[in-house]
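In: Provided below are the primary sequence and the corresponding predicted coordinates.
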Amino acid sequence: MQLEKKDIRALSKDQLRDFFVANNDKAFRGNQVYEWLWSKGAHSFEDMTNVAKTTRSMLEDNFVINHIKVDTMQRSSDGTVKNAVRLHDGLVVESVLIPTDTRTTACVSSQVGCSLDCNFCATARLKRMRNLEPGEIYDQIMAIDKESRLYHNHPLSNIVFMGMGEPLMNYNNVIKAIDMITSPEGLGMSPKRIMLSTSGIPKMIKKMADDDVKFKLAVSLHSAIDEIRAKIMPFSKNFPLKDLREALEYWYRKTKSKISYEYVVWKGINDDKASIDALVKFCKYVPCKVNLIEYNPIDDGEFQQASEESIMAYIKALENIGVVVKVRRSRGKDIDAACGQLANKEGNEL
């Protein structure tokens, strides 16, 4: 029985160099191939034009490049681009290009489906099939960078992990992908232009702080009252706000990096004074800003956009304590709803 070939991008540069030495070739060949895989984003071994044909054949015999394919692309009248990305095993995730006047932001997925159960989110209705590999995350960025250059005449400027899946439940692969995105041997992007959005897993937030990550942190909060938050995001019963607060305080002590709270206001759920007062209190614990997000309904159920009066009440209360508030309007309304609930929102101020 023929063994399944390994994705060559699972090998480090040193492992690639060792492979070539073990096959009676020069170690520097590993450097060449590594550059093709990451910096140049080669889709196949045939793309590696400065590598001998015999070497390319040897690579073909031993490895595969499990590259993504943009199956369908939808362009909105406001410049938003949504990609349906097909993986090597036929599964599909989504990624989104969100333009503004001054930059373009990539919203990328980290899992096929999601293992959490946020009631307002379309992705939560999909069973989590598997985690994405670092190369599959990286490929989404490469594809959106090309689209940014093609349609908006400048390279990708920002990245948010706000697509399908919970990034902190695919931690190792997400960190490896970010390492390559920020490496001079990859895309060379500044980590300050990357934001990871999590639903709030305290022990993993602490781990990020301990790992001294340099990217930004956003938390999908949606309520600072445990009982309400548990109705919106049932899994949060296992992660009470007291534990989340402690983890965020730990994050700030270690990183000195301000936190962004993602917050949707829904009619009859969290649009009352008690909810506003609770968020105001929660925002006093750690330096932060708040993104109030326009809701993109997934059905005619209980989650409906709150009134402008409710949004203004939140803004006034938060600004009174000196918290910066941004209202994020839904983008790409004339194309299908984007990945997860938050993916088609205007990119965060990073």
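Out: Nice, thanks for sending it over.

In: tell me where the stretch 1-150 of the chain is predicted with low confidence.
Out: Along the stretch 1-150 of the chain, segments meeting pLDDT under 70 span 1-3, 115-128.

In: now the strands for it?
Out: 6-7, 63-64, 69-75, 81-86, 92-99, 104-107, 111-112, 130-131 (DSSP state E, counting those that start in this stretch).

In: pick the most deeply packed of the ones you listed.
Out: Burial of those is given as mean neighbour count (mean count of other C-beta atoms under 10 Å); strand 104-107 ranks first at a mean of 28. Using the backbone N, CA and C atoms, a C-beta is placed for each residue, glycine as well.

In: now the helices for the stretch 201-350 of the chain?
Out: 202-210, 226-232, 241-255, 273-283, 308-320 (DSSP state H, counting those that start in this stretch).

In: tell me who's in contact with the spatially most central residue of the chain.
Out: Most central in the chain under C-alpha atoms, centre = their mean is Phe161, positioned 1.2 Å from the mean C-alpha point. Counting by C-beta atoms under 8 Å, 6 or more residues apart in numbering, Phe161 touches 108, 110, 167, 174, 194-197.

In: change it to 6 Å
Out: By C-beta atoms under 6 Å, 6 or more residues apart in numbering, the contact list for Phe161 reads 110, 167, 196-197.

In: next: Leu16.
Out: 30, 33-34.

In: if we can go back for a sec, kindly reformat the strands of the stretch 1-150 of the chain as a markdown table containing distance to Leu241.
Out: Below are the strands of the stretch 1-150 of the chain laid out as a markdown table (distance: least, C-beta to C-beta, whole Å):
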| stretch | distance to Leu241 |
| --- | --- |
| strand 6-7 | 40 |
| strand 63-64 | 45 |
| strand 69-75 | 37 |
| strand 81-86 | 33 |
| strand 92-99 | 29 |
| strand 104-107 | 26 |
| strand 111-112 | 24 |
| strand 130-131 | 27 |
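
In: quick one: the closest residue to Ile205 other than its chain neighbours from Gly186, how far?
Out: Distances taken as C-beta to C-beta, 6 or more residues apart in numbering place Ala247 nearest to Ile205, at 4.2 Å, with adjacent residues excluded. The gap separating Ala247 from Gly186 is 29 Å, by C-beta to C-beta, to the nearest Å.

In: return the subset of the contacts of Leu16 lying in helices.
Out: 30, 33-34 (DSSP state H).

In: among those residues, who's most crowded?
Out: Val33 (25 neighbours; other C-beta atoms under 10 Å).

In: for the residue nearest to the centre of the chain, grab phi and psi.
Out: phi -90, psi 80 (degrees, to the nearest 10).

In: want to throw the contacts of Phe161 into JSON lines with distance to Asp210 and neighbour count?
Out: Converted to JSON lines, these look like this (distance: C-beta to C-beta, whole Å; neighbours: other C-beta atoms under 10 Å):
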{"residue": "Ser110", "distance to Asp210": "20", "neighbour count": "27"}
{"residue": "Pro167", "distance to Asp210": "17", "neighbour count": "28"}
{"residue": "Leu196", "distance to Asp210": "15", "neighbour count": "23"}
{"residue": "Ser197", "distance to Asp210": "20", "neighbour count": "26"}
